[in-house]
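> Return atomic coordinates for the entry below.
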Amino acid sequence: MICIIMGVSGSGKSVYSQLIILSTLGAFLSEKLGWPLHDGDSYHPQENIEKMSRGEALTDQDRLPWLLKLHEVIQRARTSGSDALVVCSALKRLYRQILLHGSKALTASSGPDPEILPPLPDVLCLFLHGDYDLIHQRMLARRGHYMKADLLRSQFDALEPPLEDENVLVLDVRRSIADMATEVEQRIISRTLSPAVTELQQQLK
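Model prediction:
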């Protein structure tokens, strides 16, 4: 099973984003489940990091190599039958499609009749949801991260919340990390036991 932990910067996805609780959802789940954690921030090319450090929002073109690299991480875990946690803002549906399907998503989305590719039964999207004011305050209080709080508005403007057909679990960031992690663990157990996931795991072996 692969869990993509997504949301705008400052929502508590990674080790940089949490204000008071040092163990964020990604790190907490990694320790609790024993799964490897791949933080999307670590996969950004240097050009993206420098751009965000200057307070400039990334374009779709800036994000494309980064998303394709994370797709490779997800695909390697899937084909090897491994579990993994991947932290990525994944603001737009197209970004999430690229994470799941790579360059196939770009082909499907282009042309006069764009196509939405189906979700993958062994990939669960964890959407950390919170309002602008709360997350803005968290970003103002954090230290040591290259992304500036001023970029938060651009992230909210770009955000396309995942729909039910994207295998999503919505988590309110006002809840405690432990509380959210418990709900995630319960969902993982129920999905792991589903016939669709069991059949897919057999096909990938």
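> Identify the residues contacting the strand ranked longest in the chain?
In the chain, with assignment by DSSP state E, the single longest strand is strand 123-129. Taking C-beta atoms under 8 Å, 6 or more residues apart in numbering as the criterion, the residues outside strand 123-129 that touch it are 1-7, 11-13, 25, 74, 78, 90, 96, 100, 161-162, 166-173, 180, 184, 187-188, 191. Using the backbone N, CA and C atoms, a C-beta is placed for each residue, glycine as well.
> tell me which residues form a beta bridge with the nearest residue to His38 once chain neighbours are set aside?
Distance criterion C-beta to C-beta, 6 or more residues apart in numbering; nearest residue to His38, sequence neighbours excluded, is Val86 at 4.8 Å. Beta-bridge partners recorded for Val86 (DSSP bridges): Ile4, His38.
> check contacts around Val86.
Val86 is in contact with Ile2, Cys3, Ile4, Ile5, His38, Gly40, Leu70, Val73, Ile74, Leu99, counting by C-beta under 8 Å, 6+ apart.
> In helices only, show me the contacts of strand 123-129.
Using DSSP state H, Leu25, Ile74, Arg78, Arg96, Leu100, Met180, Val184, Arg187, Ile188, Arg191 are the members of the contacts of strand 123-129 that sit in helices.
> Make a markdown table from those residues and add distance to Ile135, pLDDT and neighbour count to it.
Below are the ones in helices among the contacts of strand 123-129 laid out as a markdown table (distance: C-beta to C-beta, whole Å; pLDDT from 0 to 100; neighbours: other C-beta atoms under 10 Å):
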| residue | distance to Ile135 | pLDDT | neighbour count |
| --- | --- | --- | --- |
| Leu25 | 14 | 88 | 29 |
| Ile74 | 25 | 98 | 22 |
| Arg78 | 31 | 96 | 20 |
| Arg96 | 20 | 97 | 25 |
| Leu100 | 25 | 98 | 24 |
| Met180 | 15 | 94 | 21 |
| Val184 | 20 | 95 | 22 |
| Arg187 | 23 | 94 | 16 |
| Ile188 | 25 | 93 | 19 |
| Arg191 | 28 | 79 | 18 |
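> Widest-spaced pair of those?
Put simply, by C-beta to C-beta the two of the ones in helices among the contacts of strand 123-129 set farthest apart are Arg78 and Met180, 24.0 Å from each other.
> and Ser110, how many neighbours does it have?
10 (other C-beta atoms under 10 Å).
> I'd like to know how far the residue nearest to Leu85 when sequence neighbours are not counted sits from Asn48.
Closest residue in space to Leu85, ignoring its immediate chain neighbours: Leu37 at 4.7 Å, by C-beta to C-beta, 6+ apart. Summarising the geometry, the distance separating Leu37 from Asn48, computed by C-beta to C-beta, to the nearest Å, is 20 Å.
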